[in-house]
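Undergrad: build me a model from this:
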Amino acid sequence: MERTFVPCPHCNTLNDARIWSAKKGTVFKNWFGLYCPECGGIIPCHRNLTSLLIILFTFPIWFIKTWERKWLDNQPARYKGIQLDGLKFKDIHWIHLGVGWGVFMFVLMVIIYPLLMGKTISLLNIAIGILIWSLGGLAFGYTLKKWMGRRSKSATMPG
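TA: So this is what the prediction gives:
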């Protein structure tokens with residue numbers, strides 16, 4: 001998360017994604033989009049099926065522009081003096097991540113999938129599944145650690 005940036009289409013600023021965090025109190029109340037603290041513009045967000053359903057059922061209130069204007073007037077106070085120094089997201093050790101993924105995949109592929117397909121679960125399948133998903137989970141966690149820990153030589157940080 002510390003390496004994620006959200007571009008503003010109005011001022012072309014790359015905003016650090018940590019601006020919109022629960023610790024800073026800015027993760028919620030972004031009803032009309034993300035607020036750009038640099039130019040005061042609204043960064044449009046992608047929509048998914050859930051948000052489209054909510055918009056569909058609440059569409060009459062979206063035509064009331066005074067609510068959007070009032071929201072936009074209140075945003076500068078929420079973002080005033082926001083400091084990102086020391087704001088780190090919880091670091092999860094790669095072994096815990098891998099074991100969690102391995103357990104999830106074991107339950108899904110060795111227990112749930114055969115039950116849904118009407119197949120029986122044997123002790124041999126469980127033993128093989130434990131071996132495969134333990135190794136697979138550890139490999140996944142280690143690969144993710146190496147991949148997320150490297151920096152691109154061509155990427156530049158905004159500054």
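
Undergrad: which residues touch stretch 95-107?
TA: Applying C-beta atoms under 8 Å, 6 or more residues apart in numbering, the external contacts of stretch 95-107 come out as 129-130, 133-134, 136-142, 144-145. All C-beta atoms are positioned from the backbone trio N, CA, C, and that covers glycine.

Undergrad: mind redoing it with 10 Å?
TA: Outside of stretch 95-107, the residues within contact range by C-beta atoms under 10 Å, 6 or more residues apart in numbering are 92-93, 112-113, 126, 129-145.

Undergrad: buried sites along that stretch?
TA: For stretch 95-107, burial by neighbour count (16 or more other C-beta atoms under 10 Å) applies to Leu97, Gly98, Val99, Trp101, Gly102, Met105, Phe106.

Undergrad: thought Leu34 was touching Cys45, still the case?
TA: Yes: if you go by C-beta atoms under 10 Å, Cys45 and Leu34 touch, sitting 6.3 Å apart.

Undergrad: tell me, what's touching the two both at once?
TA: Shared contacts of Cys45 and Leu34, defined by C-beta under 10 Å, 6+ apart, comprise Val6.

Undergrad: who has more neighbours out of these two?
TA: In this view Cys45 and Leu34 are compared by other C-beta atoms under 10 Å, and Leu34 has more residues nearby, 19 against 13.

Undergrad: partners of the more buried one in the sheet?
TA: Per DSSP bridges, residues listed as beta-bridge partners of Leu34: Ile43.

Undergrad: thinking again about what came up before, would you format the buried residues of stretch 95-107 as JSON lines with distance to Ala17 and secondary structure included?
TA: Compiled in JSON lines, these are given as follows (distance: C-beta to C-beta, whole Å; DSSP: H, G, I helix; E, B strand; the rest coil):
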{"residue": "Leu97", "distance to Ala17": "20", "secondary structure": "helix"}
{"residue": "Gly98", "distance to Ala17": "25", "secondary structure": "helix"}
{"residue": "Val99", "distance to Ala17": "27", "secondary structure": "helix"}
{"residue": "Trp101", "distance to Ala17": "23", "secondary structure": "helix"}
{"residue": "Gly102", "distance to Ala17": "29", "secondary structure": "helix"}
{"residue": "Met105", "distance to Ala17": "28", "secondary structure": "helix"}
{"residue": "Phe106", "distance to Ala17": "32", "secondary structure": "helix"}
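
Undergrad: thank you, goodbye.
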